[in-house]
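Trainee: Below is the sequence, then the predicted model.
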Amino acid sequence: AQSVTQLDSQVPVFEEAPVELRCNYSSSVSVYLFWYVQYPNQGLQLLLKYLSGSTLVKGINGFEAEFNKSQTSFHLRKPSVHISDTAEYFCAVGRNSGGSNYKLTFGKGTLLTVNP
Amino acid sequence: DGGITQSPKYLFRKEGQNVTLSCEQNLNHDAMYWYRQDPGQGLRLIYYSQIVNDFQKGDIAEGYSVSREKKESFPLTVTSAQKNPTAFYLCASSIQIVGEQYFGPGTRLTVT
């Protein structure tokens, strides 16, 4: 079975500061990794994904994440946040093996609050 | 525009009533999913379907039922057997091989 741990349930930061949202996963097989963002009372929107290749992945809205296989991590970063980045962020892992790779396991989310 | 629609956005029901949540997609995706979201618990998988006329239970299927008669549609019924039905329900779809999921806007169900 696979699992995802988002190490911080809430992260408050000031506008224009850098931010890192942490995600660790466990899986016995190779994985796909995703970060999603959710604004209040809305669905989830894909920020970025790691399927294979370069371990540094760039996404929308200036976010990026780095896949670290040895540390089983996929931390999300942004060098300078805006008020509009205030939202909940979810890390998700999918199995890259056989017929089960359509199922994603989600972390419990990290609420990013950007203060002026 | 391609996407996933869920209706209604807000739904209110009395305890003991069954209620059906709609999910439609025009992305031509084979796989569809239903998740339940509660504060602080992330997303939990209720049911998923890889192809028409086939679906499997997820992690919290008790008290729910689904059907997949058309590729575009995957309705979820919350039955009176579901002990705590009040939640935010999200529908998603994906191209089977890649695994990236696209989400609808969600339906907030309140049962009193």
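Mentor: Thanks, I have the structure now. Bear in mind that the values here come from a model prediction, so they are computed numbers and not experimental data.

Trainee: What about residue B:104, how many residues nearby?
Mentor: The burial count assigned to residue B:104 is 23, neighbours taken as other C-beta atoms under 10 Å in any protein chain shown. Yep, even glycine has a C-beta here, placed from its N, CA and C like the rest.

Trainee: Could you report the pLDDT at it?
Mentor: Listed pLDDT for residue B:104 reads 96.

Trainee: so who does it touch?
Mentor: The neighbourhood of residue B:104, defined by C-beta atoms under 8 Å, 6 or more residues apart in numbering or on different chains, consists of A:43, B:3, B:4, B:5, B:6, B:23, B:25, B:90, B:91, B:92.

Trainee: Same check on residue B:86?
Mentor: Residue B:86 makes contacts with B:109, B:110, B:111, as judged by C-beta under 8 Å, 6+ apart.

Trainee: Looking at these, state which has the most neighbours.
Mentor: Highest neighbour count within the contacts of residue B:86: residue B:109, with 21 neighbours (other C-beta under 10 Å).

Trainee: residue ranges with poor pLDDT in the chain?
Mentor: In the absence of a named chain, chain A is used. Counting by pLDDT under 70, chain A contains low-confidence residues at A:96-102.

Trainee: that's the other chain; I wanted chain B
Mentor: Counting by pLDDT under 70, chain B has low-confidence residues at B:1, B:96-98.

Trainee: one step back: make a markdown table out of the contacts of residue B:86 and add secondary structure.
Mentor: Supplementary listing: the contacts of residue B:86 in a markdown table, determined by DSSP: H, G, I helix; E, B strand; the rest coil:
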| residue | secondary structure |
| --- | --- |
| B:109 | strand |
| B:110 | strand |
| B:111 | strand |
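
Trainee: out of these, who's nearest residue B:100?
Mentor: When the contacts of residue B:86 are compared for distance to residue B:100 (C-beta to C-beta), residue B:109 wins out at 26.3 Å.

Trainee: if I look at the closest one, how far off is chain A?
Mentor: Residue B:109 sits 13 Å away from chain A when distances are taken as C-beta to the nearest C-beta, to the nearest Å.

Trainee: Since that was my last question, I'll sign off now.
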